[in-house]
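Colleague: structural data only, the sequence is not supplied:
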């Protein structure tokens, strides 16, 4: 704005505001510099090449800036994809950790159940070695518990294999993320090279702008010189016109005086003619007088007086005539002199008129040159403003590119740190998996030993049951024989106390199992409510994700429509959209394969980075809990049935 005001103040003498406003919309830098005149370009021949190169470099630099913006957008999209894959890998790691924790808990539960079974087996052994009490028929219960333990072990092995598969997929995702980070680093390097090239071009443009500014200053100086020359010529022309006007006034005054003298000369000529006529009459009278000399004395005296008077008059007339002739001669000489001066004045007027016409033509030419120079200056000024605006845009783009490069560097450093953390976490997870595998192997060995002990106990229990059956048959026969004799049956005190205590214990156990079953039912209801809430949350999140995807697709389509400038760019943009759709379809297929329990309708709009995987994994864990709870409920009801069967068998034996 300061340069514009300075330029307007410098060219204010030869331009109008309307002309300035009309000329501000014109031209290119090349044309503006070429309009300053051949003299300046002859003095500085290097300017022509630099100006042409500057005008040719501006569109190429704009194209490169546009391409750099587009590449930065692609880099940001690839970075977002890498972040989404990283989030997916983190979610998978979290799920893997969670499954490891669940497996460790299940292993601990299996160990605790194995310990409890060992304690029960030891109690049974102690009871068998004790007094002559009736042993419990717990073979079927132990067999059922053994089957449950084997099922749980199979489930744990299945979970462990699934965890290994998840770890393999996590490793693949991590490798993919590493490859993408390397690709982004290479892109960042190429973008940094392009940014350096753009900086060099901007520096060249700045140098060319300085040259254009120097050319503008030189043109302004030439304009000032032309204005000063025009003002000097105008003042000189006005002075000459004033001088000629004064001379014309003097000549008109002299002409008026000459006209007066001519009138006076005509009057004197008329008087001279009258006097000459009178003189002729007098001479005729004298001749007559001479012819008639003696008519009388009176007449002679009168004739003499008249003759003297006429002679006096003649002398005076002749004197006046001579004076008039002299004056007439002088007037004629002065008239001739005035005529020659009038001719000279006419010649001078013609010359002045020619000079005035030439000066007017020169003034018109000077005005035209001034107007053309003003228009050229304003064109150059508009081009300078456009170049400065383009330079500012280029500087802003370069600053944005440098900021994005710094962000990419920081993000790459953060990605490297996260990659190292992921490696450490995967190493920890692998160590934990190996530890759990070793614990599972130890638990399997313990279970095998416990199973062997259980088989031995079952064999001893089978022998004990056979002996008990024999004893019970003997006692039944003896009691039947005794009942035939007597109406009452006698049993031992130990049998009576054992039956009463066992009935109370069975009743307490049944009450506890009923309470536990009710608690499990409540827990199942709560878990079902939680599952319903989580499914609603998942549905809402899926709807939000669908809405976001639709908005993002609309935004992408709008951006594509806005950015559709050339066919090449449209083709590249379409190929990028197709690639994004293929990547999205591949990710959806992968999510469908990984989350087989979820329906395809729910898993279809889920992105890899969406939190839907958390809810799916959580729902799978809830289903596992529900299955475990159902198994525990089945165990409880089966134990109740076995206790009832045992009580009925004991009552039958007692009867």
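Modeller: The structure has been received and is ready for your questions. Because the structure is a prediction, the values reported are computed rather than measured.

Colleague: from residue 383, how far off is residue 550?
Modeller: 46 Å (C-beta to C-beta, to the nearest Å). Using the backbone N, CA and C atoms, a C-beta is placed for each residue, glycine as well.

Colleague: more neighbours, those two?
Modeller: residue 383 (23 against 11; other C-beta atoms under 10 Å).

Colleague: from residue 391, how far off is the more buried one?
Modeller: Distance, residue 383 to residue 391, using C-beta to C-beta: 12 Å.

Colleague: and what of residue 197?
Modeller: Distance from residue 197 to residue 391, by C-beta to C-beta: 16 Å.

Colleague: so residue 445 is in which element?
Modeller: Following DSSP states H and E, one finds residue 445 within helix 297-485.

Colleague: tell me the helices and strands packed up against that helix.
Modeller: helix 2-10, helix 17-23, helix 29-34, helix 46-129, helix 139-291 (3 or more C-beta pairs under 8 Å, 6 or more residues apart in numbering; DSSP states H and E).

Colleague: redo that, cut-off 10 Å
Modeller: helix 2-10, helix 17-23, helix 29-34, helix 46-129, helix 139-291, helix 612-654 (3 or more C-beta pairs under 10 Å, 6 or more residues apart in numbering; DSSP states H and E).

Colleague: avg pLDDT for the helix or strand following it?
Modeller: Next helix or strand after helix 297-485 toward the C-terminus (DSSP H and E): helix 493-562. Across helix 493-562, pLDDT averages out at 74.

Colleague: can you give me the angle the helix holding residue 445 makes with helix 493-562?
Modeller: With axes from the mean of the first three to the mean of the last three C-alpha atoms, to 10 degrees defining the directions, helix 297-485 sits at 160 degrees from helix 493-562.

Colleague: burial measure for residue 202, as a count.
Modeller: Number of residues near residue 202 (other C-beta under 10 Å) recorded here: 19.

Colleague: could you measure from it over to residue 105?
Modeller: According to C-beta to C-beta, residue 202 stands 64 Å off from residue 105.

Colleague: repeat for residue 190
Modeller: In terms of C-beta to C-beta, residue 190 sits 51 Å off from residue 105.

Colleague: same check, this time on residue 323
Modeller: According to C-beta to C-beta, residue 323 and residue 105 sit 161 Å apart.

Colleague: same question for residue 205.
Modeller: 69 Å.

Colleague: quick one, which of these two is more surrounded?
Modeller: Shown here are residue 205 and residue 105; by other C-beta under 10 Å, residue 205 has more neighbours (20 against 10).

Colleague: what's the burial count for residue 457?
Modeller: Residue 457 has 21 nearby residues by other C-beta under 10 Å.

Colleague: ignore the last one, residue 250
Modeller: By other C-beta under 10 Å, the residues close to residue 250 number 12.

Colleague: check contacts around it.
Modeller: Going by C-beta atoms under 10 Å, 6 or more residues apart in numbering, residue 250 touches 341, 345.

Colleague: any idea how far it is from residue 341?
Modeller: According to C-beta to C-beta, residue 250 and residue 341 sit 10 Å apart.

Colleague: try residue 352
Modeller: Relative to residue 341, and taking C-beta to C-beta, residue 352 is found at 16 Å.

Colleague: residue 312 too?
Modeller: 42 Å.

Colleague: and those two? which has more neighbours close in?
Modeller: Neighbours per residue (other C-beta under 10 Å) separate residue 312 from residue 341, with residue 341 holding more: 15 against 10.

Colleague: in stretch 189-206, which residues are buried?
Modeller: Within stretch 189-206, the residues scored as buried using 16 or more other C-beta atoms under 10 Å are 191, 194-195, 198, 201-202, 205.

Colleague: CSV for those, including distance to residue 427?
Modeller: Below are the buried residues of stretch 189-206 laid out as CSV (distance: C-beta to C-beta, whole Å):
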residue, distance to residue 427
191, 34
194, 39
195, 39
198, 44
201, 49
202, 49
205, 54
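
Colleague: and the residues you listed, which is closest to residue 448?
Modeller: Checking the buried residues of stretch 189-206 against residue 448 by C-beta to C-beta gives residue 191 as the nearest, at 62.8 Å.

Colleague: how close does the closest one get to residue 179?
Modeller: Distance from residue 191 to residue 179, by C-beta to C-beta: 19 Å.

Colleague: buried residues of stretch 262-275, list them for me.
Modeller: Neighbour-count burial for stretch 262-275 flags 265, 268, 272, 275 (criterion: 16+ other C-beta under 10 Å).

Colleague: stretch 371-382 now?
Modeller: Quick answer for stretch 371-382 (16+ other C-beta under 10 Å): 373-382.

Colleague: over to stretch 204-221?
Modeller: Within stretch 204-221, the residues that qualify as buried are 205, 208-209, 211-212, 215-216, 218-220, counting by 16+ other C-beta under 10 Å.

Colleague: same question for that stretch, mean pLDDT?
Modeller: If you average the pLDDT values across stretch 204-221, you get 80.

Colleague: please shift the residue numbers so they start at 211 in all later answers.
Modeller: In the new numbering, first residue 211, that becomes stretch 414-431.

Colleague: what about residue 470, how many neighbours?
Modeller: Residue 470: 10 surrounding residues under other C-beta under 10 Å.

Colleague: contact partners for it?
Modeller: So residue 470 contacts nothing (C-beta under 10 Å, 6+ apart).

Colleague: and residue 458, how far is that from residue 739?
Modeller: From residue 458 across to residue 739, the span is 120 Å (C-beta to C-beta).

Colleague: more neighbours, these two?
Modeller: Under the criterion of other C-beta under 10 Å, the comparison of residue 458 against residue 739 puts residue 458 first, with 14 against 10.

Colleague: contacts only, for the more buried one.
Modeller: Residue 458 touches 555, 558-559, 562, counting by C-beta under 10 Å, 6+ apart.

Colleague: mind putting those residues into JSON lines with distance to residue 744 and pLDDT?
Modeller: Formatted as JSON lines, these follow (distance: C-beta to C-beta, whole Å; pLDDT from 0 to 100):
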{"residue": "555", "distance to residue 744": "118", "pLDDT": "76"}
{"residue": "558", "distance to residue 744": "115", "pLDDT": "78"}
{"residue": "559", "distance to residue 744": "113", "pLDDT": "77"}
{"residue": "562", "distance to residue 744": "109", "pLDDT": "77"}
